[in-house]
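1. When you get a sec, could you give me coordinates for this:
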Amino acid sequence: DAARYLRPADVLKVDFGVHVEGHILDCAFSMSFDPMHDELMRAVQEATEEGLRQVGHDARICEVSRCIQEVMEAGEVHRPN
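-> This next block holds a predicted model:
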């Protein structure tokens, strides 16, 4: 494969998981270097915060996911041309 370099208008997303002795960690983060992605990054942040508000020891993952999706779909993100 040819080398791929980040360009100024790219969005970088890193997502990884680890499973050690029965414990699971899932982590992801995104970053952007161009303000044209600020609306998207803000919508993702708001959806993540809503998901964290919904989490608890008796939370159903389908309900947490539904809340996250509702926030993302309610946001108005305009993609650049």
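
2. So which elements touch the biggest helix by length in the chain?
-> Counting by DSSP state H, the longest helix found in the chain is helix 38-54. On a contact count with 3 or more CB pairs under 8 Å, 6 or more residues apart in numbering; DSSP states H and E, helix 38-54 meets strand 23-32, helix 61-74. Glycine gets a C-beta too; all of them are placed from N, C-alpha and C.

3. now that helix against strand 23-32, angle please.
-> On the basis of axes from the mean of the first three to the mean of the last three CA atoms, to 10 degrees, helix 38-54 is oriented at 160 degrees to strand 23-32.

4. residue contacts, the residue sitting nearest the centre point of the chain?
-> Of all residues in the chain, the one closest to the mean position by CA atoms, centre = their mean is residue 44, 5.3 Å from it. By CB atoms under 8 Å, 6 or more residues apart in numbering, residue 44 lies in contact with 30, 72.

5. now residue 6: how far from residue 65?
-> Noted for residue 6: a distance of 29 Å to residue 65, by CB to CB, to the nearest Å.

6. Next, the residues that contact stretch 60-76 from outside, please.
-> 39, 42-44, 46-48, 50-51, 53-55.

7. Pull out the buried positions in that stretch.
-> 64, 67-68, 71-72 (16 or more other CB atoms under 10 Å).

8. just for this structure, where's the confidence low?
-> Counting by pLDDT under 70, the ranges of the chain that qualify are 80-81.

9. re earlier: pull out the buried positions in the longest helix of the chain.
-> 40, 43-44, 47-48, 50-51, 54.

10. Please identify which helix or strand holds residue 16.
-> Taking DSSP states H and E as the criterion, residue 16 maps to strand 11-20.

11. So which other helices or strands are in contact with that strand?
-> Against strand 11-20 (3+ CB pairs under 8 Å, 6+ apart) you get strand 23-32.
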